[in-house]
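> below are the sequence and a predicted model for it; my questions follow.
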Amino acid sequence: MGAPLATVAAFNAVLFTVKGQLVALLRSEPGASLSINQQVVCGAGAGAGAGAGAGAGVAVSFLACPTELIKCRLQAHSALAGSGTATLAVKYSGPMDVARHVLRSEGGTVDLFKGLVPTLEVPGNAAMFGVYEATKQYLAGGQDTSSLGRGSLILVGGLAGASFWGFVYPTDVVKSVIQVDDYKNPKFSGSINAFRTILASEGIKGLYKGFGPAMVRSVPANAACFFAYEVTRSALG
């Protein structure tokens, strides 16, 4: 849990900042509302680093990728150690120990960024911000969405988080299997190879392993995130 906690604030700060800059860029005049399609573009841009604040979204992925690698290694290590069915060649004592091992014994700094391409979750961000704004407008009945209550904002944020994982979960599975792959005898040569291998051996269901727990986490987490964002933005005027 330590690795994600150390970077989640910076990750969301960059994501929401870039999204806000893109909204300002696409507005025809100050204070004007954007269409849902424009909100989708802003969400995609925030994920990819396009438009205003170019490269920021890519920077987010460079921050998220090592964090995800450390988290996945520790989770896989814990699962294998607890099962008693596998002899672990490497025993990690914590997040920093994973990073040190990758830097010293594997491919160095480069290997901390294994799975970088699937971490560029552009469709997921486009869907998340698009659903968020569309649902807010629907609940507001075409009126000013700033009048929505806290319960509505929590609901909308949860739905936005669910839409995100609905779009990107297969790529997240690919990212995870690459990051926990044996560095000495790797099963996969890259993201495309991992995707094809999973699809060939397990079918579509193989790309959705663990989808239930991910959704159970994503809905309340994003509900809290978007709610905190709206409350903070309102408090700052």
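Cool, the structure landed.

> helices or strands up against the longest helix belonging to the chain?
In the chain, taking DSSP state H as the definition, the longest helix is helix 150-179. If contacts are counted by 3 or more C-beta pairs under 8 Å, 6 or more residues apart in numbering; DSSP states H and E, helix 150-179 sits against helix 56-83, helix 116-119, helix 122-139, helix 191-202, helix 211-235. In short, each C-beta sits where N, CA and C put it, glycine included.

> got the angle between that helix and helix 211-235?
Compare the direction of helix 150-179 with that of helix 211-235 by axes from the mean of the first three to the mean of the last three C-alpha atoms, to 10 degrees and you get 130 degrees.

> and helix 150-179, which residues are buried?
Within helix 150-179, the residues that qualify as buried are 152-179, counting by 16 or more other C-beta atoms under 10 Å.

> now that helix: average pLDDT?
Taken as a whole, helix 150-179 has an average pLDDT of 91.

> return the residues in contact with Leu159.
Leu159 makes contacts with Val131, Tyr132, Thr135, Val219, as judged by C-beta atoms under 8 Å, 6 or more residues apart in numbering.

> how about 10 Å then?
Shown in contact with Leu159 (C-beta atoms under 10 Å, 6 or more residues apart in numbering): Met128, Val131, Tyr132, Ala134, Thr135, Lys136, Val219, Asn222, Ala223, Phe226.

> among the residues you listed, which one has the most neighbours?
Highest neighbour count within the contacts of Leu159: Met128, with 31 neighbours (other C-beta atoms under 10 Å).

> any idea how far Ala200 is from it?
To Ala200, Met128 is 30 Å away according to C-beta to C-beta, to the nearest Å.

> now do Arg196 against Gly94, distance only.
Distance from Arg196 to Gly94, by C-beta to C-beta: 34 Å.

> so which strand or helix has Ala10?
helix 2-26 (DSSP states H and E).

> tell me the angle of that helix relative to helix 122-139?
60 degrees.

> just for the protein, where's the confidence low?
For the chain, the stretches with pLDDT under 70 are 28-29, 31-32, 34, 39-40, 42-59, 78-90, 107, 121.

> is it true that Glu106 touches Lys184?
Yes. Using C-beta atoms under 10 Å, Glu106 is in contact with Lys184, at 8.8 Å.

> now Asp172: how far from Asn125?
Applying C-beta to C-beta to Asp172 and Asn125 gives a distance of 13 Å.

> number of residues surrounding Pro220?
Neighbour count of Pro220, defined by other C-beta under 10 Å: 13.

> now it: closest residue in space that isn't a chain neighbour?
Once flanking residues are discounted, Pro220 sits nearest to Gly158: 6.7 Å by C-beta to C-beta, 6 or more residues apart in numbering.

> and the one you found, how far is that from Ser234?
Distance from Gly158 to Ser234, by C-beta to C-beta: 19 Å.

> now Phe188, what's its secondary structure?
Of the three states, Phe188 takes coil under DSSP: H, G, I helix; E, B strand; the rest coil.

> so what's it up against?
The contact partners of Phe188, taken as C-beta under 10 Å, 6+ apart, are Lys114, Val174, Val177, Ile178, Asp181, Asp182, Ala194, Phe195, Arg196, Thr197, Ile198.

> for Phe195, see how far away it is.
For Phe188, the distance to Phe195 equals 9 Å [C-beta to C-beta].

> ok, now Lys209?
For Lys209 relative to Phe195 (C-beta to C-beta), the value is 13 Å.

> spit out the residues that contact these two alike.
Here Lys209 and Phe195 have Pro170, Val173, Val177 as joint contacts, going by C-beta under 10 Å, 6+ apart.

> excluding sequence neighbours, find me the nearest residue to the last one.
So the one you mean is Val177. Ala194 (5.5 Å).
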